[in-house]
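Visitor: structure of the sequence below:
(2 chains)
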2 protein chains.
Amino acid sequence: MSLRERAILGAGARSPWACDSIIEPQREEAAVLDTLEVPIVQAPMAGGPSTPELAAAVAGAGGLGFVAGGYRTPEGLRDAINRTRGLTDGPFGVNLFAPTGAPADPAVVRAYAEHLQPEADRAGVALGAPRFDDDAFDAKLDVLTTDPVAVVSFTFGCPSAETIPRIRATGAAFWVTITDPDEAREAVAAGADALVVQGTEAGGHRGAFVDRENRVDHGLLALLQLVRAHVDVPLVATGGITTGRGVAAVLAAGAAAAQVGTAFMLCPEAGTSAPHRAALASSRPTGLTRAFSGRLARGIVNRLQAERTATAPLAYPEVHHVTAPLRAAAREAGDEDVINLWAGEAHELAAEMPAAEVVARLMDDARAALAAANERLAGVR
Amino acid sequence: MSLRERAILGAGARSPWACDSIIEPQREEAAVLDTLEVPIVQAPMAGGPSTPELAAAVAGAGGLGFVAGGYRTPEGLRDAINRTRGLTDGPFGVNLFAPTGAPADPAVVRAYAEHLQPEADRAGVALGAPRFDDDAFDAKLDVLTTDPVAVVSFTFGCPSAETIPRIRATGAAFWVTITDPDEAREAVAAGADALVVQGTEAGGHRGAFVDRENRVDHGLLALLQLVRAHVDVPLVATGGITTGRGVAAVLAAGAAAAQVGTAFMLCPEAGTSAPHRAALASSRPTGLTRAFSGRLARGIVNRLQAERTATAPLAYPEVHHVTAPLRAAAREAGDEDVINLWAGEAHELAAEMPAAEVVARLMDDARAALAAANERLAGVR
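Guide: Purely as a prediction, here's the structure:
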């Protein structure tokens, strides 16, 4: 029985509105993570790198693939799910952006767009119109209801109390990305079956429930220790895990699985652009910025990030829409200077090889790393 | 034979100026770490928390104790070494601040002192006179020459090429604290026997060779993976390791030992002040600041840190001397609002118990964590 079949059977066998719905799905979720052949989750990387081919390759290698629901249209999400399912019988999840933000002050967005106008002039494109939207959240939930997947994970917050039963009703496990112990407690109180624990090392957007100035961020290892002390659901560790040593370390820290993104970005199955691939293979530093989207994210520092980070406002997704034509033109032109080069801190260790080989190598190296650590402890008092 | 005797014999048996001196001391160092009964190193916490009693307790429990050489007078360092030696036969090291900085612009320091004047008025003390100094580096090296210890580690940089043979001549292993792969390569090229790999989670000062605005910092787990890919000496991991799970994780990531600071700060043997202890036992957030010393450091955010971080300049140790009377008065008065509350990100997990019990608990929990990770991997493909 495939994990998908298990998930669907699981949904049929219980009522998600029963009194014990907070408890029971945790057992269901434990089953989802327990049935993985290898404790590797492919990070959902919205905006290009994630493809049905990548999700299918990771699922085929025994891990959990992910379709990035963010930025897609509902039809595009349905298509990506169907294409992934056509490529693998293995388990995969869908990640959605939780609709938790609020519109920014239009004057602030306008001022930043004016600040970016020289970039648009240089690229010969018009900047996009700023708009606030919820990334078609309800329509995407409808897609997941008619076409259920093994896991639905959320970034940017915990969905509303009305939404959670709709997710559970699909039979999917309900995961929430968290970046601090307070968010962890809030997600578990809402009934999360597992937490994606995102350290500051992670590439792409911070999954924080609320983006704000001077927010406290945590290194992954500190965060895993803290979160484990506060909640008791399975933890999926993410942020800067690019080697088998990293996988072994988060398992030793108590995670049930490692969620890996950057390590898959050079795979032939990934949709990573050519200039992005070149930057990933270098040892160039990463930094946090709101310059591309109006929300804090980690990318390899290029010219636009270096020059515009200081003035970029908290205005997501308005700024995302403003810069979209600029980024698209730059990707087409192979001009890395104005592309969001999302990458985790250990990106230079990503290897260019098929995703199944990445998974196999991570697991071989994780086993060797754990064996070495065991040997180290066997030799001491 | 005690580790100290081994170290001294080791020094006598070889010429540190021989052609192979870069290679051979690495073997010596491997021996230092290999002879530890448990792979736990007490972090040198200059400015109060480190005491001879704490170093001796950790050494007595099978780990490596540390005497913080920073801020002490040379006579104070000699006294601390002698007192530690009087309390234990176990191994301990001394940490020194590498004299790598340059004087700040006096006008910048003066402006910050004026900015702090209301704090001094409120506390009823005079601010200290700013001065640039090297923390009596040469005189402290003389102390270590006449009274050698097992390890001499450096923070804030790699000592000069002239200095390194003086350290080696004492028989001590030569460790350098690093915060990025470039520093790691530089330290190993200079002959470091081991690297203290400091993640951004760490409490107290960042050990970076050069403090500057917008410096890229790394989470510990990402940094361990990166550094291991670049250098081949033993790594001592530090930053936010407060539990046995954290110890197990860094060993799995390839570290030879975990250097633990905050986890010892509530021990009765530690010199941590009462208001500092109260803050450590809370779940209050930490942040990076130059407000207290003019050099970037992580502390629990209190009023002074919250209000003065934005204006604090890069001016170490000038600002340290300016704020010294203020901090001393506040510690005496039990006023936590103006004390540097150095702490790692996972400080709320520190336990109030004797240091030997902290070591024993870390090791018991590390073994259990590794066993659980092994079991997780045994159950998968």
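Visitor: how is chain A carved up into domains?
Guide: Under the assignment automatic domain parsing, the domains of chain A span A:1-99+A:135-271, A:105-133+A:273-350.
Visitor: which of the ones you listed sits most buried?
Guide: For the domains of chain A, ranked by mean neighbour count under the definition mean count of other Cβ atoms under 10 Å in any protein chain shown, the leader is domain A:1-99+A:135-271 at a mean of 22. (C-beta placed from N, C-alpha, C; glycine too.)
Visitor: contacting residues for residue A:201?
Guide: Residue A:201 makes contact with A:219, A:220, A:239, A:240, A:298, A:344, A:345, A:346, B:218, B:219, B:221, B:222 under the criterion Cβ atoms under 8 Å, 6 or more residues apart in numbering or on different chains.
Visitor: kindly report the same for residue A:252.
Guide: With Cβ under 8 Å, 6+ apart, residue A:252 has these contacts: A:370, A:373, B:245, B:248, B:249, B:251, B:252, B:369, B:370, B:372, B:373.
Visitor: in a helix, the fourth one, correct?
Guide: Pointing back at residue B:248 there. Yes: the assignment for residue B:248 (DSSP: H, G, I helix; E, B strand; the rest coil) places it in a helix.
Visitor: now do the longest helix anywhere in chain A, average pLDDT.
Guide: Looking across chain A with DSSP state H, the single longest helix is helix A:355-378. Regarding helix A:355-378, the rounded mean pLDDT is 96.
Visitor: with stretch A:289-308 instead?
Guide: On average, the pLDDT along stretch A:289-308 is 97.
Visitor: can you list the weak-confidence ranges in the stretch 1-150 of chain A?
Guide: Applying pLDDT under 70 to the stretch 1-150 of chain A flags residues A:1-30.
Visitor: and the stretch 201-350 of chain A, by the same measure?
Guide: Looking at the stretch 201-350 of chain A by pLDDT under 70, you get an empty list.
Visitor: repeat the analysis, applying 90 as the threshold.
Guide: For the stretch 201-350 of chain A, the stretches with pLDDT under 90 are A:214-216.
Visitor: quickly note the distance from residue A:55 to residue B:139.
Guide: Per Cβ to Cβ, to the nearest Å, residue A:55 is found 62 Å from residue B:139.
Visitor: likewise for residue A:201?
Guide: For residue A:201, the distance to residue B:139 equals 40 Å [Cβ to Cβ].
Visitor: now the end-to-end length of stretch A:253-272.
Guide: One end of stretch A:253-272 sits 31 Å from the other (Cα to Cα, to the nearest Å).
Visitor: thought residue A:33 was touching residue A:175?
Guide: No: contact criterion Cβ atoms under 8 Å: residue A:33 and residue A:175 do not qualify, at 9.8 Å.
Visitor: list residues touching both of these two?
Guide: By Cβ under 8 Å, 6+ apart, the residues touching both residue A:33 and residue A:175 are A:194, A:236.
Visitor: any residue of stretch A:32-41 up close to chain B?
Guide: Yes: using Cβ under 8 Å from any Cβ of the partner chain, we find that stretch A:32-41 touches chain B at A:34, A:36, A:37, A:38, A:39.
Visitor: just the CA coordinates for that stretch, please, in PDB.
Guide: Taking Å, rounded to 0.1, in the frame of the first residue of the first chain, the C-alpha atoms of stretch A:32-41 are listed here in PDB:
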ATOM      1  CA  VAL A  32       3.300   9.400   7.400                       C
ATOM      2  CA  LEU A  33       6.900  10.100   8.700                       C
ATOM      3  CA  ASP A  34       7.300   6.500   9.800                       C
ATOM      4  CA  THR A  35       6.400   5.100   6.400                       C
ATOM      5  CA  LEU A  36       9.100   7.100   4.600                       C
ATOM      6  CA  GLU A  37      11.800   4.800   3.400                       C
ATOM      7  CA  VAL A  38      14.400   7.500   4.100                       C
ATOM      8  CA  PRO A  39      14.000  10.400   6.500                       C
ATOM      9  CA  ILE A  40      14.600  13.000   3.800                       C
ATOM     10  CA  VAL A  41      11.900  15.600   2.900                       C
END
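Visitor: so what touches it?
Guide: A:3, A:6-7, A:58, A:61-64, A:66, A:91, A:93, A:150-151, A:173, A:193-194, A:234, A:236, A:238, A:247, A:251, A:256-260, A:359, A:362-363, B:376-377, B:379-381.
Visitor: what parts of the stretch 1-150 of chain A come near chain B?
Guide: Close to chain B, as judged by Cβ under 8 Å from any Cβ, the stretch 1-150 of chain A has residues A:34, A:36, A:37, A:38, A:39, A:62.
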